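>>> Everything below, folded, please.
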Amino acid sequence: MKIDRLVSIIMVLLDKNRIGAQELADMFEVSLRTIYRDIDAINMAGIPVRGTSGVNGGFEIMPEYKLDKKVFSAADLSAILMGLSSLSNMIHGDELINALAKVKSFIPADRAKDIALKANQIFIDLSPWMGNRNMQPYLEKIKAALQESRLLSFEYADRYGNKTIRTAEPYQLVLKSNHWYLQGFCRKRNDFRLFRLSRMSKLQLQEEAFTPRDFQKPQLEFADILASMQSEIKIRIHESIREKVLDYCTEDNFSPDGDGYYLVSFPFIENDYYYNILFSFGNQCECLEPPHVRAEMKRRIHEIAALYENQA
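As a prediction, the model looks like this:
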């Protein structure tokens, strides 16, 4: 008998005036027999659940046993529901279902509509439009490893595509700038490392458990470091890529330049990553200055053109 399921059933019963046995069975993906056994267990634990038969029959907790639902304000409940609902888009599991059920149990009937409206005013969907199909199962494996302190093994590719076999102690899942990362202690490097999930392959949850060591948080804030490294270049863009360029700078960097064009003071570091950003804007972007960056763009364009000139 699963304790998590019993707790969830209690929360559902607190949330609803009455619910049918079949609805509970469908909700928790178990048989009717299991639901009846769970209800008996809840009654034996001292929580009075009564059942009624007929068209509108079902189970309900005795009204005098209902909890005081004034613990949280409407704003509190809306914020909690918003966060849990957004997280459940990417990470599934009984604990999230349980948490949502518990929070909803505190919503008084007369405030349910208002709280639901506020909770839905901001929707955060962390799942990608398309991309790595391994992401969801990888998140589930990592979550299990975190909960059970079990080792993970995987192949890991660096930014140049070189692959190595890694074994890691997982400590934290991190979502940073639309990418998932695992902060873990790498046994190959004998140090903490931040692994990007999209670079992982053949991820396996090992049977071997580990004793957690002092956790070292990953370095996630680089604004000051980047500011000291970046300089500004001037680019001219077409309005069609305005939104894309705004991913890297602000409106203050833009000034109109004729019909449908803008001059942009663009933050830049002279490395492959930033040159590739400029190339991602395609022929709707021209680097105007400084001259040496413009010259380097031209050189790289000639290299790309040469690849196609040699094709049959």
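
>>> count of neighbours near Y181?
Number of residues near Y181 (other C-beta atoms under 10 Å) recorded here: 20. C-beta coordinates here come from the backbone N, C-alpha and C atoms, glycine included.

>>> tell me the phi and psi of L14?
Phi and psi for L14, reported as degrees, to the nearest 10, are phi -70, psi -30.

>>> hang on, isn't it packed against F59?
No: using C-beta atoms under 8 Å, L14 is not in contact with F59; the gap is 11.6 Å.

>>> For the two, indicate the residue with more neighbours.
Set L14 next to F59 and count neighbours by other C-beta under 10 Å: F59 wins out with 23 against 19.

>>> Mind listing residues that contact the helix or strand where that one lies?
Taking DSSP states H and E as the criterion, F59 maps to strand 58-61. By C-beta atoms under 8 Å, 6 or more residues apart in numbering, the residues outside strand 58-61 that reach it are 10, 13-14, 16-21, 23-24, 39, 47-52.

>>> Narrow those residues to just the buried residues.
In terms of neighbour count (16 or more other C-beta atoms under 10 Å), the buried residues within these are I10, L13, L14, K16, I19, A21, L24, I39, I47, V49.

>>> Point out where the stretch 1-150 of the chain drops to low pLDDT.
Residue ranges of the stretch 1-150 of the chain with pLDDT under 70: 1-4, 63-112, 115-116, 118-134.

>>> mind listing the strands for it?
In order along the chain, the stretch 1-150 of the chain carries the following strands (DSSP state E, counting those that start in this stretch): 49-52, 58-61, 150-157.

>>> Could you export these as CSV, including distance to T250?
As requested, the strands of the stretch 1-150 of the chain are exported to CSV (distance: least, C-beta to C-beta, whole Å):
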stretch, distance to T250
strand 49-52, 57
strand 58-61, 53
strand 150-157, 33
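
>>> for this protein, which helix is longest?
helix 291-309 (DSSP state H).

>>> Determine the set of other helices and strands touching it.
Applying 3 or more C-beta pairs under 8 Å, 6 or more residues apart in numbering; DSSP states H and E, we find helix 291-309 packed against helix 272-280, strand 285-289.
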